[in-house]
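Visitor: Structural data only, the sequence is not supplied:
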């Protein structure tokens, strides 16, 4: 095993044991530069083994005993304990089921806002063509799904286009949202953690998410169960900020009890096992 491979495996063990550590702490413990630690953490984050949150590396408990193995021609290679293509397909099935159920909660005359996200895209696709409602959105894919539904009154808040997320955002868009009121906000999340709250990947998502939460009567959180115990860089709310959660039935008993103890309405849809 190379020195680099050994260092990365030691890095994983330290972060897991300490339940989080700063770059400075890790560099001192392993006797290497902070730049070296940052490079190692970038690789671990790409494989979802750690999450970097406000300068600290936090172990991702969803990863089961990850190890790095050296391979000729590369610095190191990750042995992944599951098939990524199968996992993605499974999540797609669950997101479609979550989106379809969320669409069933839309009533005639509702004024709704649909957040950016892959699961909320499934919601937009499943809104029946004859639905009579007002919808505000700010995601290009969601707009494309809704634009041919003639009974919808469709509002699009414009601004800068972000191709990685298909989100369009601006200060003017946030002000438009703040000036309106909605009966329901359908909100996506990339991470749901018991102590670190609800998070998303990009900082630019946060002002818009906060605006729709502040302007809506009912705040509905949509995500598949793989997001539980995940932490992403941008914090935008606590569990108790939401009235309703829709996820799949792979949710653990711990999370069921956690959500119900906070008087949050929980709906689960059939997930792949």
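Guide: In hand now; what should we look at? Model, not experiment: these values are computed from the prediction. Numbers count the residues shown, from 1 in each chain.
Visitor: Show me the shaky parts of the stretch 1-150 of the chain.
Guide: For the stretch 1-150 of the chain, the stretches with pLDDT under 70 are 1-2, 19, 46-48, 52-90.
Visitor: let's see it at 90
Guide: In the predicted model, the stretch 1-150 of the chain carries pLDDT under 90 at residues 1-93, 148.
Visitor: any idea where the helices of it begin and end?
Guide: For the stretch 1-150 of the chain, applying DSSP state H, counting those that start in this stretch gives helices covering 3-18, 23-30, 34-46, 84-104, 118-126, 140-146.
Visitor: Not counting its neighbours along the chain, what's nearest the spatially most central residue of the chain?
Guide: Nearest to the mean C-alpha position of the chain, by Cα atoms, centre = their mean, lies residue 190 at 0.9 Å. Leaving aside its sequence neighbours, residue 190 sits nearest to residue 232 (Cβ to Cβ, 6 or more residues apart in numbering; 4.5 Å). Bear in mind the C-beta positions are built from the backbone N, C-alpha and C, glycine included.
Visitor: ditto for residue 140
Guide: residue 166 (4.5 Å).
Visitor: Go ahead and confirm that neighbour touches residue 141.
Guide: Yes. Using Cβ atoms under 8 Å, residue 166 is in contact with residue 141, at 4.8 Å.
Visitor: For the helices of the stretch 1-150 of the chain, give me CSV that also has distance to residue 245 and mean neighbour count.
Guide: Listed next are the helices of the stretch 1-150 of the chain as CSV, based on distance: least, Cβ to Cβ, whole Å; neighbours: other Cβ atoms under 10 Å:
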stretch, distance to residue 245, mean neighbour count
helix 3-18, 28, 17
helix 23-30, 34, 16
helix 34-46, 26, 16
helix 84-104, 10, 17
helix 118-126, 12, 23
helix 140-146, 20, 18
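Visitor: and of those helices, who's closest to residue 199?
Guide: helix 34-46 (13.6 Å; Cβ to Cβ).
Visitor: So which other helices or strands are in contact with the closest one?
Guide: Where contact means 3 or more Cβ pairs under 8 Å, 6 or more residues apart in numbering; DSSP states H and E, helix 34-46 is packed against helix 3-18, helix 23-30, strand 50-53.
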